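J.: just the structure for this:
(chains A and B)
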Number of protein chains: 2
Amino acid sequence: MEDYSVIGKRIPRVDGRAKVTGEARFAADYSFPGMLWCKMARSPYAHAKILNIDTSRAEKLPGVKAVLTGKDFHGWKWGWMPKTRDEGPLADDRVRYLAEAVAAVAAVDEETAEEATELIKVEYEELPGVFDPEEAMKEGAPLVYDHVKNNVSWEFHMDFGDVEKAFRESDLVREDRFETGRVITGYLEPPAAVAMWDGSGITIWAAKQSPYFVYRHLAACFNLPLNKVRVIQPFIGGGFGGTKNDSLAGDFCACLFSKMTGKPVKFMYNMEEVLKTCRRRHNMIIYNKMGMKKDGTITGMQSRVIADGGGHTAIGPLTMYLTGCMSTLPYKLPNFKHDAYRIFTNNPISAAMRGHGVTHTRFAAEIQMEMMAEELGIDPVAIRLKNAIEAPHETINKVTVHSCGLSEGIKTLAEDPAWKDREKKKGSGPVAHGVGLSGTAYLGGARQRGHQSCGAVVRLCEDGSVDYLTGATDCGQGSDTVLVQVVAEELGLGVEDVDIKRVDTALTPCDAGSYGSRVTVLAGEAAQKAARDVRDQLAAFAAEQWGVKPGDIVFRNRQVFVKGSPEKAMPFQKLAQAACYSGSGAVILGRGYSKYGIEVLDFDKGIGNAGTSYSFTSQLSEVDVDLETGFVKATDFVIAHDCGRPLNPINVEAQNQGAAIQALGQTLYEQFKMSEGKTLNPNLVDYKMPLSLDTPDIRVIDILTDDPDGPYGAKEASEGAIVSTPPSVVSAIHDATGIWFKEQPVTPEKIVMALKKKKENKG
Amino acid sequence: MEDYSVIGKRIPRVDGRAKVTGEARFAADYSFPGMLWCKMARSPYAHAKILNIDTSRAEKLPGVKAVLTGKDFHGWKWGWMPKTRDEGPLADDRVRYLAEAVAAVAAVDEETAEEATELIKVEYEELPGVFDPEEAMKEGAPLVYDHVKNNVSWEFHMDFGDVEKAFRESDLVREDRFETGRVITGYLEPPAAVAMWDGSGITIWAAKQSPYFVYRHLAACFNLPLNKVRVIQPFIGGGFGGTKNDSLAGDFCACLFSKMTGKPVKFMYNMEEVLKTCRRRHNMIIYNKMGMKKDGTITGMQSRVIADGGGHTAIGPLTMYLTGCMSTLPYKLPNFKHDAYRIFTNNPISAAMRGHGVTHTRFAAEIQMEMMAEELGIDPVAIRLKNAIEAPHETINKVTVHSCGLSEGIKTLAEDPAWKDREKKKGSGPVAHGVGLSGTAYLGGARQRGHQSCGAVVRLCEDGSVDYLTGATDCGQGSDTVLVQVVAEELGLGVEDVDIKRVDTALTPCDAGSYGSRVTVLAGEAAQKAARDVRDQLAAFAAEQWGVKPGDIVFRNRQVFVKGSPEKAMPFQKLAQAACYSGSGAVILGRGYSKYGIEVLDFDKGIGNAGTSYSFTSQLSEVDVDLETGFVKATDFVIAHDCGRPLNPINVEAQNQGAAIQALGQTLYEQFKMSEGKTLNPNLVDYKMPLSLDTPDIRVIDILTDDPDGPYGAKEASEGAIVSTPPSVVSAIHDATGIWFKEQPVTPEKIVMALKKKKENKG
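T.: Prediction:
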């Protein structure tokens, strides 16, 4: 690999100082003179017809400036695809989940707005609800949408090769039922925005990980051209898909209130609202069937996925797509059949979340593969190496992999003392030690319909300092730092010379947003090209001065020089001064686009690439299981991650650690307790996420590959470990207890019960 | 001329709605939570040493958060050129004009800040002052700067041909003394800004016509890289050069206060502060000498200019340059000698103002030429046609003119009934009617050192709406509308399809700013190129779809079609959708730069072009003069203006009208009454500007030329009539009274005195 100055270095976050000093302003920190507060009135029923809404008492409350109900949006709905637009800013005729917003109030302060929501009198006709997706599919179940038969919100099918034949020809076939759990992103920054609507259109400072999504929704809802909608991105305190990657009732209501009142209008959801009403990861039931030869070769796999979609479709079709199309990685799979059903229920809406669509089916397949290997007496390392793909590889559904460090990762873990000496640590006391492995893949540089490009602009200031403009958003993952590194690298500067500007849909170049691990891969490519465009303009100027070819000009360590002619050198700053403004008079703007117009997946059939490239994660997890209390303590994780070239190893490490901790919570602790659509634990005491004391030591090993489609060979680095953690932890628990758990979270209660049952069976 | 759809049309202002509804936010309208107010403590002396400043009482006043004195800026000074940096944010050791800022206070509200300024105790040692520039040049006069001999702030000399020889060979030589008056821009929007300094650097919302000037000053003052200084331009309520084209004490103090307190800090000057301390037009004394042949041919001219510079240099060197270099237009001048002296006095600072540097010397030369023609019995039309240049033309100092509508303008006015029938209207009562002519030139597309380019970006939104990003600023002159027209024209759209964004030095492309009538000419060129860049990207896409050449694609009336193939057509919006985002996936960003790297003037010798092109204005003014009271009523102006192609005729008309009214005020009414450096009339009652009742009917006639250097042949249209009005009005007064007035303003008192004197001389 080439010798870079900034790329590949452990560079601290460019936004670190602002965040640790508290100077960084998040959406909820914005406040303007005369600003009104917007609050939602929410349904006490999970399923009900709205017969009438009487807002008169609320309107009369002093301080209330305006009240909205669903009718004020004239039936407008949004959704991920034109044919799935089923969600209105406020429910109009019917509520489909508990605490769905039915009206909104704008008032002079938060307390008054809150009080007014309680004065809104809604007449409901309660309807029978349905809360279990398997029940909801049955004939005669209550319908969430009258016209949607069996409550099937979306279905997705793949059928490649001949699974029946594969199973017939297998030495071992197994069928299991898996379930993944009801969890949420758990960021601490609340969804919030301040909207201002004036003659120039809408301006909204909104906590969004993909500001351009909201920009399109607002333009569509209010029938404005896109150049009249301006979404400005404050600092973002966590996204992880779902809520911050979509629009919210509050966004639309704040905008409309601002139009009605002429004032800036703010909303901020509290944690209870977030946990009760915001988008969750789909809970999925996976009936998985796998065939295997005696030597461990996987012959085929069939999955039937039933996902709890909640009351609206949201991004669900993509989730369903991902459950299947990514199942053909990371192991060779010659025959595959997949039937996924997203089911409407009267639960809160399910949507995207980190590891989108992949965590579920990979968990099922990974555990099942290991169960079968166990039956066949094959070692967890051997079964993975046997089946792992090697690059270049094309899956049966035409997913093309150009770089793959999976086998290397597995081998690295297999050589680790944690694996080699695992038997020594087993112990025989009340606390059993276990070690588990997993091997997984995730996509980076997500390709949606049309495979949208993204743009980047590099502005050279005449003093040699640089502004970087991107529409790509750092919602906490550290991508701003990576993009600044890319620009600095190309110009031979340091990260402190490059300032990245906050995203503003009116001014920064269009970008799809932060999802599908696309920022480093695609926005990184755009950044590289935009910086090279500036470099080329400067090199042409310098070459002319020195009478050499532009290609001979080198930019490094804030110096510009002619390769092989050390006397022809000058500081970057001096060149910038000479080449623009008071020198040549030029304005130097660099422009870069990521690749576009390339072949895109067949969304209906599950063929082709949903990503630009694929990361591979091998994970070793060590746990201590208290056999009396069922308490699991994850002690150590070793994550061997192939993200191509790590552009910022601290960031790669932190992303892997963060994803692993988030996944650990979902594997062991997190779970919404539900009763008839009601969330019983809408607070972070009862919905338990891992605390620092729950966190294992996490070692991240970079498995270096060089992907041809990423900038400097880079691939994704923020979602891999959320996929690899659950199976490796469950495998470790099995190693400690001898029991395979197929439902997340694996709670102490489940462990104690299973151990008890095992003992009884033995006894 | 080509047939355009948007260009050349009378299109109402794109900012009109926001301004008439009051929705447009000016700098003084900005307010943020926790914001502090900054106020200045000002010197009661015009010239004094500062011995000590005691801020302790101010600091103790409840609500005061910080206090600054000159020392807090560590001797930093700014100025137009490196060698003329003599102005500090606050005076440190010495005050050089009355009401110069010596300290500043930041407090919780405006009243507290104001009160605190009164508690600051400054110990002064008063120095003898000097207030008349001719006195100040004399040996032994008090020195404003100890090291500046004879108080000469700047001198500029030109010497082309042989004026002495020319005078010897002339049939008539005349010498006169002219004086132009002490006037100010008179905008109503106060200078104001809100500054915020945080970890990302400085952000300032400031009333500036050239935000990039302030951006450089703030970076230099606080030693920040340019990418850490962000100047955001609100709507601007008038600029006209001078104050809003420069930085102010308030700008620097607000920034430093924000750094000290962590709060946003606002300042706003009141009208008294503006009229007492803000930059004024230079009052100039012009000793002009002209030679003429019997037939009216001008043989040569010699000017000695003495300008009152006030206490600091500011942009004065450029003013001095313009007094001379533009004197060789609009008449053929084979021999020219020019000696200009800018003199420091203890008056407020003089700087640029609309018609910068040209109004003074053109007034002198124009009046003198007509006085001489009168002596030689030559008609005012004939003398002008005799000497007017014709394009192409190169002056003796190498000013190159590619288009010139002067003769056509003069001829048009000569054919006008107002001129032809002027004798009929003379009358014989107490009110005498007079008609006067003038012929003048002004530069457009000003070229400063390095001839800085400007950039433009056109962002195509995927719905076919368009964002236009420019660093060029509309300070009220209507340039936003013109730039939007250019973009719309190139893309075949309407102005309502293009949204122009407010200037933000961090995000919009670099631009020199609004001065020297450069926006239409240079930013217009950049806009045209950026829009063509988008058009080319779209045409390439459409051409591929249709199998034709990109050059055959036509954009018009929101349609895109193939020339000569009407079946190959689609709406622009549909093409935009197909060519970007959900279609091809491309991001389409257009980029354009105005020309740069071209030959620039020799500033020291007065050689070459200070502008890209030159407008020519011929004006006919009609006045009624009350011979008893001396009251002058301007009744009608006819302005024959060559601005090349008028891109927006309403705007051209309005600019000419506005400039003529402003000039009328300066010709007849406006005048700062001064006493020992003290402005006696710092309010708009006593400093009288023209009101609507004072305004004549103003007819603007477009003299069409097609300048090769302007977009669509356009030249400047906002400064010409401020140059042409004073001589034509003074000529009309002469026509009515038989008296030539050589000092502005021509007040009733002066007229009555002169009529009395004339009568006495006759009697």
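J.: which secondary structure element of chain A has the lowest mean pLDDT?
T.: helix A:422-425 (a mean of 87; mean pLDDT, DSSP states H and E).
J.: okay, buried residues for it please.
T.: Of the residues in helix A:422-425, A:R422 count as buried by neighbour count, 16 or more other CB atoms under 10 Å in any protein chain shown. C-beta here means a position set from N, CA and C on the backbone, and glycine is covered the same way.
J.: wait, A:A654 sits on A:T481?
T.: No: if you go by CB atoms under 8 Å, A:A654 and A:T481 don't touch, sitting 10.5 Å apart.
J.: between those two, which has more neighbouring residues?
T.: A side-by-side neighbour count of A:A654 and A:T481, using other CB atoms under 10 Å in any protein chain shown, places A:T481 first with 22 against 18.
J.: please report how far that one lies from chain B.
T.: For A:T481, the distance to chain B (CB to the nearest CB, to the nearest Å) stands at 14 Å.
J.: can you say which helix or strand has that residue in it?
T.: In the assignment (DSSP states H and E), A:T481 maps to helix A:479-491.
J.: neighbours around A:E366, how many?
T.: Count around A:E366 with other CB under 10 Å applied: 25.
J.: doesn't B:G583 make contact with A:Q452?
T.: No: look at A:Q452 against B:G583 with CB under 8 Å: they stay out of range, at 9.7 Å.
J.: what about those two, which has more around it?
T.: Shown here are A:Q452 and B:G583; by other CB under 10 Å, A:Q452 has more neighbours (27 against 18).
J.: just checking, what packs against the helix holding A:T481?
T.: Secondary structure elements in contact with helix A:479-491, counted by 3 or more CB pairs under 8 Å, 6 or more residues apart in numbering or on different chains; DSSP states H and E, are strand A:455-460, strand A:466-470, strand A:498-500, helix A:524-546.
J.: of those, which is nearest A:Y97?
T.: strand A:466-470 (35.8 Å; CB to CB).
J.: tilt between that closest one and helix A:479-491?
T.: Here strand A:466-470 runs at an angle of 130 degrees relative to helix A:479-491 (axes from the mean of the first three to the mean of the last three CA atoms, to 10 degrees).
J.: show the average pLDDT along strand A:466-470.
T.: In this model, strand A:466-470 has a mean pLDDT of 97.
J.: what does the stretch 151-300 of chain A have sitting close to chain B?
T.: Among all residues of the stretch 151-300 of chain A, those adjacent to chain B (criterion: CB under 8 Å from any CB of the partner chain) are A:D198, A:G199, A:S200, A:G201, A:A219, A:P225, A:L226, A:N227, A:K228.
J.: please redo it, this time with the cut-off set to 7 Å
T.: Proximity of the stretch 151-300 of chain A to chain B, by CB under 7 Å from any CB of the partner chain, involves residues A:D198, A:G199, A:S200, A:P225, A:L226, A:N227, A:K228.
J.: number of residues surrounding the residue nearest to A:R10 when sequence neighbours are not counted?
T.: Nearest non-adjacent residue to A:R10, counting by CB to CB, 6 or more residues apart in numbering or on different chains: A:I650, 4.5 Å away. Neighbour count of A:I650, defined by other CB under 10 Å: 16.
J.: again with A:K138
T.: A:K138 has 11 neighbours, counted by other CB under 10 Å.
J.: could you check how far it is from A:P348?
T.: 22 Å (CB to CB, to the nearest Å).
J.: just send the helices and strands packed on helix A:479-491 back as JSON lines, with distance to B:K386 and mean neighbour count too.
T.: Formatted as JSON lines, those follow (distance: least, CB to CB, whole Å; neighbours: other CB atoms under 10 Å in any protein chain shown):
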{"stretch": "strand A:455-460", "distance to B:K386": "52", "mean neighbour count": "28"}
{"stretch": "strand A:466-470", "distance to B:K386": "55", "mean neighbour count": "26"}
{"stretch": "strand A:498-500", "distance to B:K386": "59", "mean neighbour count": "25"}
{"stretch": "helix A:524-546", "distance to B:K386": "48", "mean neighbour count": "22"}
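J.: can you redo the ones you listed as JSON lines with distance to chain B?
T.: Output for those, formatted as JSON lines (distance: least, CB to the nearest CB, whole Å):
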{"stretch": "strand A:455-460", "distance to chain B": "4"}
{"stretch": "strand A:466-470", "distance to chain B": "5"}
{"stretch": "strand A:498-500", "distance to chain B": "4"}
{"stretch": "helix A:524-546", "distance to chain B": "8"}
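J.: A:I7 is nearest to which of those?
T.: Closest approach to A:I7 among these (CB to CB): helix A:524-546, 9.7 Å.
J.: got a list of contacts for that closest one?
T.: Identification of contacts with helix A:524-546 by CB atoms under 7 Å, 6 or more residues apart in numbering or on different chains yields A:454-458, A:460, A:468, A:470, A:482-483, A:486-487, A:490-491, A:549-550, A:553, A:555, A:560, A:562, A:568, A:575, A:579, A:584, A:588, A:590-595, A:711, A:714.
J.: which among those count as buried?
T.: Among the contacts of helix A:524-546, those buried by neighbour count (16+ other CB under 10 Å) are A:454-458, A:460, A:468, A:470, A:482-483, A:486-487, A:490-491, A:553, A:555, A:560, A:562, A:568, A:575, A:579, A:584, A:588, A:590-594, A:711, A:714.
J.: quick revisit: who touches the least confident helix or strand of chain A?
T.: A:H433, A:V435.
J.: so how far is whatever helix or strand comes next after that helix off the chain centroid?
T.: Remark: after helix A:422-425, the chain's next helix or strand is strand A:431-444, criterion DSSP H and E. Going by CA atoms, centre = their mean, to the nearest Å, the spacing between the C-alpha centre of strand A:431-444 and its chain's C-alpha centre is 20 Å.
J.: so what's A:H451 scoring on pLDDT?
T.: 67.
J.: A:Y687 reaches A:T679, doesn't it?
T.: No: assessed by CB atoms under 7 Å, A:Y687 is found out of contact with A:T679, at 8.5 Å.
J.: any residues in contact with both of those two?
T.: Common neighbours of A:Y687 and A:T679 (CB under 7 Å, 6+ apart) are A:L275, A:F672.
J.: related to what we said a few turns ago, of the residues of the stretch 151-300 of chain A next to chain B, which belong to strands?
T.: A:D198 (DSSP state E).
J.: among the residues of the stretch 151-300 of chain A next to chain B, name the buried ones.
T.: A:D198, A:S200, A:P225, A:L226, A:N227, A:K228.
J.: how near is the nearest residue to A:L575 once chain neighbours are set aside to B:G455?
T.: Closest residue to A:L575 apart from its sequence neighbours, by CB to CB, 6+ apart: A:V560 at 4.9 Å. Between A:V560 and B:G455 the computed distance is 22 Å (CB to CB).
J.: same thing with A:K259?
T.: From A:K259 to B:G455 the distance is 34 Å (CB to CB).
J.: cool, A:K420 as well?
T.: 61 Å.
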